[in-house]
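Colleague: Test case, fold it:
(one chain, ligands or ions: 1)
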Amino acid sequence: MINAKYPGLPDATEIDINALKAKYRVERDKRMRGDGQNQYVERVDEVALTYEADPYTPDTPREPLDEDIDVAVLGGGWSGIMAGVQLRKRGFTNFRNIDHAGDFGGVWYWNRYPGLQCDNDAYCYLPMLEEMGFMPSKKFTDGREIREYAQSICRRFELYQNALFHTIVQSVRWDESIKRWRISTQQGDDIRARFVILANGLLNIPKLPGIPGIDKYQGKMFHTARFDYDYTGGSEEEPVLDQLADKRVALVGTGATAIQLTPFLGRYAKQFYLLQRTPSCVDSRRNTETDPEWVKTLQPGWQAERRANFHRGANESLLPGEMDLIRDIWTEVNCNLSAELEEQDWPELSMEEFMARYEEMDFRVMERLRHRVDEIVDDPATAQLLKPWYRYQCKRPTSNDEYYQTFNRPNVKLIDVSETQGVERLTESGFIAGGVEYEVDCIMFASGYEVTSDLERRWGIPVFEGRDGVSIYDHWRGGYKTLHGMMTSGFPNLFTCGLYQGSLNSTFTYNFEAQVEHMVHIMQAVLDRGAVAAEVTEEAQDAYVSHLRATEVDRTEWIRDCTPSYFNNEGKPDVDENGNEKYRFYLGELYGPGWDAFMQLLQDWRDAGDLAGLSLD
Ligand code: NDP
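Modeller: Okay, the predicted model is just below:
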């Protein structure tokens, strides 16, 4: 047997898919609200949830810079680090990473809350393991280890010597007279960069729900991206939150962050309330320490193979006879399916038949996860509220061995806020739910990041102007227009990381690696030709966008039925000129033929060597 089914998986005959679909719809509709993305507020000055201040690294004053450089990499998280590595490898030396934070790491720099771990297989997630000769200490490794590893890469590739930390970009403008980007910062810098790589990440701006009364609450508040150990006691190294022993604490949110943090708040707070709008699905963690004997068996190229296996297991389908190397919540549907197909001697299935089998497995896996809640949580009413009623991957699946157990503690109460589509109201001394006021000393927000808000809000760069002073925010107002999701016409020498119009690999860091490799190839090719600027022609851009849209897989049916969240733009579809609704996954438009085909598309484009679609200056 290549793959074994997960224990506890119900048989297909034990579930009623139509009844489940109806239940899913009821639960979705209960949470739908008219204001979609506008339910989140950009900033609530009154509550002093300041994200600018860096609690971890002292700010060292420096003189403003007035200089010309080859490349400005805006960001020092994984995409910025990978860009820096690629630039070094290609011989660039005159470049800088610029970041708001006091060091490299991006989201792994800012996030230090208790329990922080990567929810993905670290042997895939951490880039360049073979090249760096590094092995994570366990499958789901700690946030601190990730940050330290990221920083070790920066040391190895000498990214520190030019990095500008505690530097917030205020404007990025194309200056045609010098054919460079002019970057101004809050430090008073005037940096003229030949090329700009925008590597500002997806999770850079913490998101805050606009709960009525949020400006009235007088107690302590903070977002988990700025976890305040001075208030809670303990530290990242020793998360013993002893100062919460006499505190009543509320946590807003039940996403991946809250799942990791909840066990600590339940353990240390005098009284802990978890305010839940939509439950996550939480599998057992099965986190294992890295086995040195296993490491010895790995052959060169193992990480690329593992990533490919993960991508098929999580996002596509395992090949007949392929073993699921990852075997966790991300790959379970495909792993189970593969096990059953093997039992049946790999029957010939049409795409429709395969998708029907896949859908059925999705319902069965979710049922298994609902059973898990009943097995662990003592109070049946609480267990009922904790059950996820939606299809697998409508919300990011999680795993944790202490989350459900926390609700068996006498000092912990789950507060369901789904009927009011979110926390109803804050008062001066607490929150209101179901007509009752709960007084609390502290409210923590695990409410996520600005993933789907307007670009100007989530990029946090007030002015971003290309040729003729056109704002990129206006340029993309009606939808992204790019070549390969990385360059856009009117914005020469600008490269955007992220997943705007490309493909998506299940390993996020791999997306960035592949993108920056392509970008730096173009920069080098432009300079090798004696040119100073490259810009996508409108024709090439239009042709790519048309091709992308022609190939795009319409996921409307699946996404529409998901409960609202940032995954489906809070339940709001795009509507075309004919009034047709289209639901997209939050990461933008994705290239239909998939990751490998997209990689081939880029490879073929590079191999052709003619920089097709770019006009050089
Ligand atoms: P999420 O955006 O995933 O979750 C935010 C939570 O806040 C949701 O439960 C949401 O409910 C809730 N919420 C929002 N508004 C309200 C409201 N008005 N009232 C009550 N609840 C509200 O944020 P996370 O910080 O959990 O995760 C952020 C990102 O980081 C995700 O992509 C996540 O997957 C990732 N992450 C990754 C980790 C890793 O291991 N690699 C670890 C932790 C996070 P609802 O669902 O109903 O909208």
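Colleague: show me the contacts for whichever residue of the stretch 301-450 of the chain sits closest to the ligand.
Modeller: With distances taken as CB to the nearest ligand atom, the stretch 301-450 of the chain approaches the ligand most closely at G448, which sits 2.3 Å away. Every C-beta, even on glycine, is put in place using the N, C-alpha and C of the backbone. For G448, the contact set (CB atoms under 8 Å, 6 or more residues apart in numbering) comprises 206-207, 253, 255, 257, 566.
Colleague: Tell me, how many residues neighbour P347?
Modeller: The burial count assigned to P347 is 9, neighbours taken as other CB atoms under 10 Å.
Colleague: can you pull the pLDDT of the closest residue to it other than its chain neighbours?
Modeller: Among residues not flanking P347 along the chain, L341 sits closest, at 6.9 Å (CB to CB, 6 or more residues apart in numbering). L341 is assigned a predicted lDDT (pLDDT) of 95.
Colleague: host element of L341?
Modeller: With the criterion set as DSSP states H and E, the secondary-structure element containing L341 is helix 332-343.
Colleague: again, but for M221
Modeller: Assignment of secondary structure by DSSP H and E places M221 within strand 220-223.
Colleague: just checking, what packs against that strand?
Modeller: Contacts defined by 3 or more CB pairs under 8 Å, 6 or more residues apart in numbering; DSSP states H and E place strand 220-223 against strand 442-445.
Colleague: Tell me the residues of the stretch 301-450 of the chain that contact the ligand?
Modeller: Of all the residues in the stretch 301-450 of the chain, those in contact range of the ligand (CB under 6 Å from any ligand atom) are 396, 417, 422-423, 446-449.
Colleague: between those residues, which is nearest L164?
Modeller: Comparing those against L164 with CB to CB places Y449 closest, at 23.0 Å.
Colleague: Over the helix or strand hosting W174, what's the mean pLDDT, rounded is fine.
Modeller: Assessed by DSSP H and E, W174 sits inside strand 169-175. Model confidence over strand 169-175 averages 98 on the pLDDT scale.
Colleague: Number of residues surrounding N97?
Modeller: A count of nearby residues for N97, using other CB under 10 Å, gives 27.
Colleague: where along the stretch 251-400 of the chain do the strands fall?
Modeller: In the stretch 251-400 of the chain, the segments counted as strands under DSSP state E, counting those that start in this stretch are 271-276, 282-283, 398-399.
Colleague: buried sites along the longest one?
Modeller: To tie it back to what came earlier, the one meant is strand 271-276. Applying a neighbour-count criterion of 16 or more other CB atoms under 10 Å, one finds 271-276 buried in strand 271-276.
Colleague: do the same with stretch 11-30
Modeller: Buried positions in stretch 11-30, judged by neighbour count with 16+ other CB under 10 Å: 15, 20, 24, 27-28.
Colleague: Mind checking which of these land in helices?
Modeller: Judged by DSSP state H, the buried residues of stretch 11-30 include 20, 24, 27-28 as members of helices.
Colleague: and which of those is nearest G266?
Modeller: Within these, distances to G266 taken as CB to CB reach their minimum at E27, with 25.0 Å.
Colleague: residues contacting that closest one?
Modeller: 389-390, 418, 563.
Colleague: ok, of those residues, which come out buried?
Modeller: When burial is judged by neighbour count using 16+ other CB under 10 Å, the buried members of the contacts of E27 are 389-390, 563.
Colleague: Closest one of these to Q405?
Modeller: Here the nearest of the buried ones among the contacts of E27 to Q405, counting by CB to CB, is W389; it sits at 21.6 Å.
Colleague: picking that back up, and the strand holding W174, what does it pack against?
Modeller: Where contact means 3+ CB pairs under 8 Å, 6+ apart, strand 169-175 is packed against strand 180-185, strand 463-465.
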